[in-house]
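# Pasting a predicted model and its sequence here:
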Amino acid sequence: MATLNDPINTQDIVDRFVDFVTTTADNQIPVWGTNSLPGSWMPTSYFAGTTTQTIALQGLNAGQLGVTGALIQASPVYNALLAETNRYTNIRQMRAILNVTGGGGNRGSYSSPGVKYDQTRLAYMSTSYRQSLSSIAGSNTIATGYIISRTDMDAFYTGLSNAFLAARNNVATVQINVCHSSCHSSCHGSRGRR
């Protein structure tokens, strides 16, 4: 585990962020992703990553937080850490629904119209499903005019982790409507032969 030393340097801030937030993101592995769909009826375009990926820093580096040897300013630290946390908010609960709208061509458990699949799982969704975190507990001292301590930074990291966990529990619903159960495989596939 990375520690914040006195004086705090920008790389310490990044390393400690990795301990708090990206470890929180990796703590629960998504069930659905590009490699593990709710069903063959679900397009992969709803997903951005696999269920086997670990979260890596996507945009955060020490250079964003200030110049080595210079006074670290609160605003760049706050903005950069918040922006990086926001980049993980598309890892969230997804409710996947398959709705059969027509009766023709259905067979087995799909013999009649209606909802045939309705489950909610953690998913690595596409970036269009990112959420915007704004109110972060513990951030009141990461502001202009305050001298930031290790305790203040740890409170901010905890606030970022908690905000991320809350966002992860926000359910995004994706409903796929098909005309009948064999819509993609037989019916649409044979249309070109007619």
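Looks like it came in fine.
# What lies in contact with stretch 123-140?
For stretch 123-140, contacts defined as CB atoms under 8 Å, 6 or more residues apart in numbering pick out 30-34, 45-51, 53, 78, 82, 85-87, 89-94, 152, 155-160, 162-164, 167, 170, 172. Yep, even glycine has a C-beta here, placed from its N, CA and C like the rest.
# Buried among those residues? Need that as a selection in PyMOL.
In PyMOL syntax, the buried subset of the contacts of stretch 123-140 is picked out as below (16 or more other CB atoms under 10 Å):
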select buried, resi 30+31+32+33+34+46+47+48+49+51+53+78+82+85+86+87+89+90+91+92+93+94+152+155+156+157+158+159+160+163+164+167+172
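# Show me the contacts of stretch 123-140 that map onto helices.
78, 82, 85-86, 152, 155-160, 162-164, 167 (DSSP state H).
# For the chain, give me the ranges with low pLDDT.
Counting by pLDDT under 70, the chain contains low-confidence residues at 1, 6-7, 68-69, 103-111, 180-194.
# mind running it again at 50?
Within the chain, the segments meeting pLDDT under 50 span 185-194.
# so what's Asn5 up against?
Asp12.
# coming back round to it: tell me the one of the ones in helices among the contacts of stretch 123-140 nearest Tyr146?
Closest to Tyr146 out of those is Asp152 (7.3 Å), distances taken as CB to CB.
# Distance of that closest one relative to Val174?
Between Asp152 and Val174 the distance is 40 Å, computed by CB to CB, to the nearest Å.
# What of Thr54?
Thr54 is 24 Å from Val174, by CB to CB.
# From the rest of the structure, what touches stretch 147-160?
With contacts defined as CB under 8 Å, 6+ apart, stretch 147-160 is touched by 4, 6, 8, 13, 16-17, 19-21, 72, 74, 77-78, 81-82, 85, 133, 136-139, 141-142, 146.
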